[in-house]
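A.B. asks: from the sequence below, what's the structure:
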Amino acid sequence: MLKPGDSPLLIRAAELITPQLAEFGALMFGERLGWSLKEMWVNVLDTGGRQVMHNHANSFISGVVYLTPTHPEARTVFMKSPGGTDFAFKNDHAGTNNGPYSADKWISPQPEPGDMVMFPSYLMHAVPPNPGERRITMSFNAIPTRLDSWGYTIGFSG
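C.D. replies: Prediction:
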């Protein structure tokens, strides 16, 4: 795990990512909050490499910055939690169009180098086996500087 201060390149990446965290965090929490990048890491998937389904329980926002081209079959896949909290009976038939709120899983759009995808850290995600060239991404986890739930306030330090 890397801290943003471990490298001038990571410091610059953090400078570019942090304002986007504030925007995405406002969508998640309904308020603009301060954010801290807790850790960053690089993923290298050679041909046949994959990442199993997982989430990031130690943070609130996670993200992926794509550094190289990604084979279409090795796009990040997002899934509803296996335990689920959805309706057991849902509207699901040949005439429906599944989207991120109605599908059991959905695949990220085809990324280009430099694209970034952010998502709530609790969201399950995976990368299927990579049939293409080496796929390199930089991932990160972030936490807000504070949360307030009806007067119960907690602060987080960077």
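A.B. asks: point out where the protein drops to low pLDDT.
C.D. replies: 84-92, 100-101, 158 (pLDDT under 70).
A.B. asks: show me where it has helices.
C.D. replies: Listed in chain order, the helices of the chain (DSSP state H) span residues 8-29.
A.B. asks: walking through it, point out its strands one by one.
C.D. replies: 35-45, 51-54, 61-66, 77-79, 105-107, 116-120, 124-127, 135-144, 146-149, 152-155 (DSSP state E).
A.B. asks: distance from the longest one to the middle of the chain?
C.D. replies: Yep, that's strand 35-45 we're talking about. 10 Å (C-alpha atoms, centre = their mean, to the nearest Å).
A.B. asks: quick one, that strand and helix 8-29 angle?
C.D. replies: 110 degrees (axes from the mean of the first three to the mean of the last three C-alpha atoms, to 10 degrees).
A.B. asks: out of the strands of the chain, which comes closest to Ser7?
C.D. replies: strand 35-45 (9.3 Å; C-beta to C-beta). Bear in mind the C-beta positions are built from the backbone N, C-alpha and C, glycine included.
A.B. asks: got the buried residues for the closest one?
C.D. replies: If you call a residue buried by 16 or more other C-beta atoms under 10 Å, then strand 35-45 has these buried ones: 35-40, 45.
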